[in-house]
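Have a look at this prediction, sequence included:
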Amino acid sequence: MGGLGFGSLVGGHLADRLSPRARFLAFAASELAIAVFAFLSVPLLYDLLFLRLGARPLPGPLLAAVLFTVLLWPTFFMGLSLPLLARVLTDRPGRSAERIGGLYGWNTLGAALGSMVTVWVLARTLGFADAIRIGALLNLGCAGMALLVALRRAGPGEEALAPDPDEPPPGEPGPAFGLPVWLVIYALSGFVALSLEILWFRILGTIHKPSSFTFSTLLAIYLLGLGVGALWGRRWAKRSRRPAATFFALQAGIGLYAGLSLGLLTFALGRFGLLEPLWRYLGEYETMALDEAVRAALRLFLRAGDVAPFTRGLAAQFVLVYLAVPLYLIGLPTLLMGMSFPFVQRAVQTDLEHLGRRVGWLQAANIVGSTLGAGLTGLLLLPALGSAGTLRLLMALAGLFLLAFCLVRWRERAPRRVALGAGLLALGLALLAAPSSASLWASLHGTTPERILFAEDGSGLSVLKDDATGGERHTVVYVDGLGQSQLPYGGYHTFLGALPALLHPSPESVAVIGLGSGDTLFGISGRAVTRRIVCLEIVAPQLRTLEILARERRYPGLGATITDGRVEYRFTDGRSFLMRTQERFDVIEADALRPGTPYVGNLYSLEYFELLRERLKPGGFGVTWSPTARVRNTFVRAFPHVLVFADTLIGSNQPIVFDRAALEARLRDPWTTAHYLAGGIDVAQLLEKALLRGPLVIGPEHDRTGLKDVNTDLFPKDEYLTSRRFLPGETRAGGGE
């Protein structure tokens, strides 16, 4: 964002000083500069910054400064381009709304398309490096076309302008704001827009039960609204006699609709049959089978309803979750945001000589506000007010735009009174309709407020839901809307922790990536010899909700886990911690993570498993769940010695001794027996099937040359469901599932 702002300022000044031909050349140079960075970005961002710099324990401010400096190059030239093209395409101030609005609109629609294609197509089929090369080639194409246009221009001078019979009428009478005031106003607009974007992504991400496709899909819808709004609003703005008043009305409508629409949705969930598929989905533990859902939606569309009831229901879920609800919540507000852009240009642009600079200053001010909105919302507002409280604050800011609207209409008393009364009524209704935090998160988890515990901050949302499925009462742990585990303990998560703890001769220090319900943590802490347990959790509120649950409801094992003095909680990214620490562990494992969830590739890649191997003591264990054949291939490539217990893999840098007699002796240890019984678990019975069958042993002599279908950091195939069929009749990729 900072680079875009600096680029907009410099681009604005250049645009007003250069000839039309030179502006095209400058635009071509900026596109070329972006392409050069893109071609170099994989070795720079991944090899140098992530692998080398990321392994150093740098202070946060220093790391931020390094990243800012590196990203300044491409983002500066991205910001440079809009003022240059705006000045090229606008020959009269009165045309600023139409020309600059159209330029902004088409550019934003292109960004929306890029957001969808990059993830839904390129990341799935080519991986990150090739996707970036395609983007770089497109930038080269833009540079080449701009260069051709520049070479065709006859001379460096400005063309003489003939009178234009369609020149729009002058702007509105009344109080005229100077450019400094408009910059503050447009910065506030950016603050509200980016703050709402963060809130919408949290709310809609919770509805999605986030997948690796959530962010790109929601971003595309957000950008689609901006682009369509800018294109729609440019012709209206061209003819408007009151562009400032219209801009303020549009901005007020954004915040008011955001609160009103969310309040109506939370009220309607569970009450109206049309939303029944959505309500049912929100209450489920699992995320949507996205490949099946996409195929179902396409079949329903292509066959015009001639499909099985199950397919029709799955298609309805997909359409509601990925299209209808996002469009309902963010479609109209982003449309209003996009429409605002040409109106602010129409209100501010008064002369051709300073047009480029004013475009640059406005963009820079909006970006400053956007940056503040993103930072303050994530770091301060969400922890202090929660999503619901932050939404109400943004709605109050919408009231400021409403007051500004009344100010610019001060000469027309009757319309002013009507507008003010209607606006205040709308603001009051929206504030009343906006949901409380409890009702918001309860409805988005398919239940009622009295059945949940929740906590949130900038790192994420933790919800514990009281459930009674099958007649047995239990508590389900959700993180950002997706079910992670449940209480009481005793399922696979306990097995995942207990197996390596009992298999290792002396696991004195262990690390667990992911907290969830604390089940895996409880399982791995069942040996008296274990002196230190490091729990690495990226969503900090999870511990807070578990502590509340432990006080309110005495689940066996939960209280012991929360109060276990051996456990050290680190609220950070687990892989980053392992990259930076010099400590070595006897056991390191990650809690079970589903393919297709965001960033899961970081913990299923060949590079991660190799890092895991390096952070083990001699004879230490690296442990993972193996949900796909590809994960197993990747793990076996990284570890010379592997034990395979069905879908649980244990790897080591030294031979692993599977001694059944020693295992049974450890199971009979009084301390171990008492630990698991405190959680209501018969650990011997839990492990019985795995121990009876024994593991599949894979050693260094195993031929690994055929294990080519693996996950890597730059092509995380399981994260993007590469092996799944998304289209009817599509050939299924082999080896992944």
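That came through fine.

which residues does residue 363 contact?
Residues in contact with residue 363 (Cβ atoms under 8 Å, 6 or more residues apart in numbering) are 4, 5, 8, 12, 79, 82, 83. In short, each C-beta sits where N, CA and C put it, glycine included.

nearest to residue 546, of those?
Top of the list for closeness to residue 546, among those and by Cβ to Cβ, is residue 4 at 40.5 Å.

Now that closest one: phi and psi?
Phi and psi for residue 4, reported as degrees, to the nearest 10, are phi -60, psi -40.

try residue 58
Taking degrees, to the nearest 10, you get phi -80, psi 150 for the backbone angles of residue 58.

Could you measure from the closest residue to it other than its chain neighbours over to residue 52?
Spatial nearest neighbour of residue 58, chain neighbours left out: residue 66 (7.6 Å); criterion: Cβ to Cβ, 6 or more residues apart in numbering. In this view, residue 66 and residue 52 are 11 Å apart by Cβ to Cβ, to the nearest Å.

do residue 43 as well
Distance from residue 43 to residue 52, by Cβ to Cβ: 11 Å.

sec struct for residue 485, please.
Assigned by DSSP: H, G, I helix; E, B strand; the rest coil, the conformation of residue 485 is strand.

Run through the residues that contact it.
Here residue 485 is in contact with 476, 477, 491, 493, 516, 517, 519, 520, 591 (Cβ under 8 Å, 6+ apart).

Among those residues, which lie within strands?
476, 477 (DSSP state E).

Now secondary structure, neighbour count and distance to residue 299 too, for the contacts of residue 363, in a markdown table please.
Listed next are the contacts of residue 363 as a markdown table, based on DSSP: H, G, I helix; E, B strand; the rest coil; neighbours: other Cβ atoms under 10 Å; distance: Cβ to Cβ, whole Å:
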| residue | secondary structure | neighbour count | distance to residue 299 |
| --- | --- | --- | --- |
| 4 | helix | 23 | 42 |
| 5 | helix | 22 | 47 |
| 8 | helix | 27 | 46 |
| 12 | helix | 28 | 51 |
| 79 | helix | 26 | 44 |
| 82 | helix | 24 | 42 |
| 83 | helix | 33 | 47 |
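
Among those residues, which one sits closest to residue 203?
residue 4 (25.8 Å).

Isn't the closest one up against residue 81?
No: the pair residue 4 / residue 81 is not scored as a contact, 10.0 Å apart, by Cβ atoms under 8 Å.

going on from the lowest-mean-pLDDT helix or strand in the chain, what's the next piece of helix or strand?
Scoring the helices and strands of the chain by mean pLDDT, DSSP states H and E places helix 413-433 at the bottom, with a mean of 69. Using DSSP states H and E, the helix or strand that directly follows helix 413-433 along the chain is helix 437-443.

With distance to residue 370 added, can I get the contacts of residue 485 in JSON lines?
Formatted as JSON lines, these follow (distance: Cβ to Cβ, whole Å):
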{"residue": "476", "distance to residue 370": "36"}
{"residue": "477", "distance to residue 370": "34"}
{"residue": "491", "distance to residue 370": "44"}
{"residue": "493", "distance to residue 370": "40"}
{"residue": "516", "distance to residue 370": "34"}
{"residue": "517", "distance to residue 370": "37"}
{"residue": "519", "distance to residue 370": "40"}
{"residue": "520", "distance to residue 370": "39"}
{"residue": "591", "distance to residue 370": "35"}
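
What would I type in PyMOL if I wanted to highlight the buried members of the contacts of residue 485 and nothing else?
PyMOL command restricting the contacts of residue 485 to the buried ones, with burial defined by 16 or more other Cβ atoms under 10 Å:
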select buried, resi 476+477+491+493+516+517+519+520+591
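
Dump the contacts of residue 485 to TSV, plus pLDDT and distance to residue 144.
Below are the contacts of residue 485 laid out as TSV (pLDDT from 0 to 100; distance: Cβ to Cβ, whole Å):
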residue	pLDDT	distance to residue 144
476	94	55
477	95	53
491	90	58
493	94	55
516	92	52
517	93	56
519	94	57
520	95	54
591	88	49
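
ok, of the contacts of residue 485, which one's closest to residue 202?
Out of those, the member with the shortest distance to residue 202 (by Cβ to Cβ) is residue 477, at 17.7 Å.

Check the gap between the closest one and residue 451 for me.
From residue 477 to residue 451 the distance is 14 Å (Cβ to Cβ).

Then residue 466 would be within a helix, right?
No: per three-state DSSP, residue 466 lies outside any helix segment and is strand.

quick one, what contacts the nearest residue in space to it that is not next to it in sequence?
Closest residue to residue 466 apart from its sequence neighbours, by Cβ to Cβ, 6+ apart: residue 451 at 4.4 Å. Residues in contact with residue 451 (Cβ under 8 Å, 6+ apart) are 442, 465, 466, 467.

so can I have TSV of those showing neighbour count and distance to residue 253?
Below are the contacts of residue 451 laid out as TSV (neighbours: other Cβ atoms under 10 Å; distance: Cβ to Cβ, whole Å):
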residue	neighbour count	distance to residue 253
442	24	28
465	23	35
466	16	39
467	19	39
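
Can you tell me which of the residues you listed is nearest residue 563?
residue 466 (22.3 Å).

got the contact list for that closest one?
Residues in contact with residue 466 (Cβ under 8 Å, 6+ apart) are 447, 451, 452, 473, 475.
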